[in-house]
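Student: Here's my sequence, what's the structure:
(one chain, ligands or ions: 2)
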Amino acid sequence: MIELKKCFKIEFLGFLLLLNMFLLCMARSNIPSIDWVLKETSYTRLCSTKNILTVNGLFPGPALHVHKGDRLTVNVQNQGNYNVTIHWHGVKQPRNPWSDGPVYVTQCPIKPGANFSYEIMFSTEEGTLWWHAHSDWSPATVHGPIIIHPKIGTNYPFPKPYAEFPIVLSSWYKGDVMENIQTALANGGEPNKSDALTINGQPGDLYNCSKPETSNIMVDHGKTYLLRVINSIMNEEMFLMIAQHNFTVVGMDGAYIKPIKTSYVMITPGQTMDVLLTANQSPSHYYIAGRAFGETVYDNTTTTAIIKYSGNYTVPSTPSFPNLPNYSDVDAVTSFTQRIRALASKEHPIDVPKSVHKRLVITISMNTIPCANNSCDGPNGSRLASSLNNVSFSEPKMDILQAYYRKIRGIFTTDFPSEPNVFNFTADETPENALIPERATKVRVLEYNWNVEIVFQGTNVLNAAENHPMHLHGYSFYVVGMGFGNFDKNTHPKGYNLVDPPELNTMGIPTKGWAAIRFKADNPGVWFMHCHLERHASWGMDTVLIVKNGTTQATSIRSAPHHLNPC
Ligand code: C2O
Ligand code: CU
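Tutor: Residues are numbered from 1 along each chain as shown. Ligands and ions are numbered 1, 2, ... in the order given. Sure, this is the predicted structure:
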């Protein structure tokens with residue numbers, strides 16, 4: 001009798017297990033899945049032909065279309081010559097750092113010939129985001145839009161546009177982009193700058209051999225279009241403008257904002273914008289043009305596309321050209337950035353932490369590291385570097401997520417400083433001892449559900465103050481304050497905007513200034529945080545935030561997928 005009971009129990013448990021597996025399979029198979037192939041593809045730009053790494057042969061890469069809250073599996077097969085990973089920029093991936101993508105942070109690379117399946121979990125995001133490779137400089141050619149439509153049955157918080165089109169800004173290098181960064185890192189100097197900036201893959205009329213291929217955007221008079229603007233450029237923050245037309249910016253980084261009517265936008269690498277354009281000028285051709293902002297501009301070329309009205313009219317010999325802000329126009333950047341406010345409506349509420357458990361103050365610096373016999377290509381024979389709180393991030397041998405999850409020691413340490421060494425950060429002269437950073441793999445651990453504030457403080461170390469687009473994975477954050485000079489913890493927080501601060505995933509920190517962000521640490525995982533100027537990220541302007549698990553399974557990191565790529 002006892003035996004029988006036991007047996008039945010086991011049978012019953014077995015049945016439950018089977019049922020569970022069946023239900024799980026059903027749930028899995030309901031997640032749409034697509035296949036991507038990474039491969040070398042031949043492209044001709046600026047009079048020369050070369051192979052670039054692409055997804056499915058496309059530059060820019062294919063757009064992902066989803067609805068808010070969807071899930072999607074992307075099976076990536078690497079048929080290229082380099083190690084690659086893919087990141088879903090701005091997608092929070094609740095509890096799922098396994099599919100976040102930054103190489104040696106959440107995964108080891110997908111080697112040539114290998115595969116990896118990413119499970120992309122959308123939650124609160126709505127609007128435009130993007131995806132890009134997240135290893136070495138492969139993001140130069142491996143990137144594309146993520147378009148998150150409102151849930152079925154819900155609407156945009158603005159009149160439905162007549163049509164929409166992407167404006168993907170990218171960089172074009174005549175040489176091999178991977179070699180470019182490898183050589184720069186080996187010699188300690190600057191990498192070569194890009195040879196062109198592009199709109200939807202084309203440099204436009206102002207570059208050699210590019211005119212016949214310039215991107216065209218067709219519009220009908222009187223109609224309103226939704227432009228999904230993505231800055232995938234490697235090293236330049238961009239001004240973008242259309243001749244004789246205004247923009248209305250309605251969304252940023254996958255969240256809605258209060259409409260901003262403006263003649264130009266400033267968009268940093270990493271940022272995305274939803275912009276309305278009404279074709280309300282006399283039917284003709286107009287240039288849309290983009291060029292860099294920066295104290296020391298890197299690639300100072302201008303990319304264009306042409307807005308062409310439908311109908312019959314005399315086509316001008318050259319389209320009219322917009323009056324773009326100057327490269328060094330800090331005021332144009334500040335006045336645009338300060339206008340950005342969350343929509344904060346009943347349908348699209350925000351939830352800003354009103355108090356904080358933990359404030360981190362993080363300095364952002366350019367540095368140098370001494371080189372034997374002063375034989376490197378940086379200033380005075382040194383090696384260029386960059387840092388956060390004077391720690392220059394060094395890529396570990398194995399991904400930090402796996403080391404953390406499996407408690408493997410020796411991969412990283414948890415002593416990333418929560419305060420910098422104090423000096424006059426933004427002075428014309430900065431102290432000698434701020435010049436040389438420590439090279440290490442340091443992370444900061446945060447308790448689950450802490451309200452966290454991070455103050456990013458720009459510095460003038462190496463006399464190289466500039467605007468740094470700081471990006472956080474796994475979260476979006478509220479930008480509650482910003483200013484010039486040094487942050488003062490006693491006075492500046494009194495001026496914070498806790499009513500309608502913009503919710504972003506990338507924020508340009510004012511040159512010789514600071515910005516304060518807040519978020520609730522409710523997404524357990526291992527999350528990369530870095531400057532989105534690729535050369536700065538390559539030099540070590542990165543760190544990692546580890547958010548601990550909560551007390552339940554539903555507030556903990558999901559279990560590891562069966563297939564992880566070996567390092
Ligand atoms: Cu858009 Cu860490 O990246
Ligand atoms: Cu930077």
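Student: Assign the residue nearest the centre of the chain to helix, strand or coil.
Tutor: With distances taken as CA atoms, centre = their mean, the chain has Gly270 as the residue nearest its mean C-alpha position (3.3 Å). Using DSSP: H, G, I helix; E, B strand; the rest coil, the structure places Gly270 in coil.
Student: swap in Glu179?
Tutor: Secondary structure, three-state DSSP: Glu179 is helix.
Student: Find me the pLDDT at it, would you?
Tutor: In this model, Glu179 is scored at 97, pLDDT.
Student: Counting neighbours, what do you get for the residue nearest to Cys371 when sequence neighbours are not counted?
Tutor: In this structure, Cys371 finds its nearest non-sequential neighbour in Arg383, 4.9 Å apart by CB to CB, 6 or more residues apart in numbering. Using the backbone N, CA and C atoms, a C-beta is placed for each residue, glycine as well. Applying other CB atoms under 10 Å, we find 21 residues neighbouring Arg383.
Student: if I pick Arg383, what's in contact with it?
Tutor: 188, 368-371, 376 (CB atoms under 8 Å, 6 or more residues apart in numbering).
Student: got the residues of the stretch 451-567 of the chain near ligand 1?
Tutor: 471, 473, 528, 530, 532 (CB under 6 Å from any ligand atom).
Student: In strands, which of those fall?
Tutor: 471, 528, 530 (DSSP state E).
Student: residues touching the first one, list them.
Tutor: Okay, so that is His471. By CB under 8 Å, 6+ apart, the neighbours of His471 are 89, 270, 505-506, 529-532.
Student: out of those residues, who's nearest ligand 1?
Tutor: Nearest to ligand 1, judged by CB to the nearest ligand atom, of the contacts of His471 is His89 at 3.7 Å.
Student: closest to Lys308 among the ones in strands among the residues of the stretch 451-567 of the chain next to ligand 1?
Tutor: Minimum distance to Lys308 across these is 34.6 Å, recorded for His471 (CB to CB).
Student: what's the distance between the closest one and Asn83?
Tutor: For His471, the distance to Asn83 equals 22 Å [CB to CB, to the nearest Å].
Student: re earlier: got JSON lines for the residues of the stretch 451-567 of the chain next to ligand 1, with pLDDT too?
Tutor: Formatted as JSON lines, these follow (pLDDT from 0 to 100):
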{"residue": "His471", "pLDDT": "98"}
{"residue": "His473", "pLDDT": "98"}
{"residue": "Phe528", "pLDDT": "98"}
{"residue": "His530", "pLDDT": "98"}
{"residue": "His532", "pLDDT": "98"}
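Student: From the residues you listed, pick the one nearest Asn200.
Tutor: The closest of these, once distances to Asn200 are taken by CB to CB, is His532, at 20.3 Å.
Student: In strands only, show me the contacts of Arg383.
Tutor: 368-369.
Student: Pull the most distant pair out of the contacts of Arg383.
Tutor: With CB to CB as the measure, no two of these lie farther apart than Gly188 and Pro370, at 10.1 Å.
Student: Give me the neighbour count for the closest residue to Gly483 other than its chain neighbours.
Tutor: Of all residues not flanking Gly483 in the chain, Gly513 sits nearest, at 5.7 Å (CB to CB, 6+ apart). Residue neighbour count, defined by other CB under 10 Å, stands at 21 for Gly513.
Student: Stretch 68-82: how far from the chain's middle?
Tutor: 17 Å (CA atoms, centre = their mean, to the nearest Å).
Student: What parts of the protein come near ligand 2?
Tutor: 468, 531, 533, 536 (CB under 5 Å from the ion).
Student: Make TSV out of those and add pLDDT and neighbour count.
Tutor: Shown next, in TSV, are the residues of the chain next to ligand 2 (pLDDT from 0 to 100; neighbours: other CB atoms under 10 Å):
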residue	pLDDT	neighbour count
His468	98	28
Cys531	98	28
Leu533	98	25
His536	98	24
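Student: that older thread, who's more crowded, Gly188 and Pro370?
Tutor: The residue with more neighbours, out of Gly188 and Pro370, is Gly188; 20 against 14, by other CB under 10 Å.
Student: For that one, which residues are in contact?
Tutor: Gly188 touches 369, 371, 376-378, 382-384, counting by CB under 8 Å, 6+ apart.
Student: Neighbour-wise, which one of the residues you listed leads?
Tutor: Those, ranked by neighbours (other CB under 10 Å): first place Leu384, 26 neighbours.
Student: what's that residue in contact with, if anything?
Tutor: By CB under 8 Å, 6+ apart, Leu384 lies in contact with 188-190, 366-368, 377-378, 539.
Student: Which residue is the nearest non-sequential neighbour of it?
Tutor: Closest to Leu384 by CB to CB, 6+ apart is Gly378, at 4.2 Å.
Student: Can you tell me who the residue in the stretch 301-450 of the chain that ligand 1 sits nearest to pairs with across the strands?
Tutor: Closest residue of the stretch 301-450 of the chain to ligand 1, CB to the nearest ligand atom: Phe393 (11.9 Å). Taking DSSP bridges as the rule, Phe393 bridges to Ala440.
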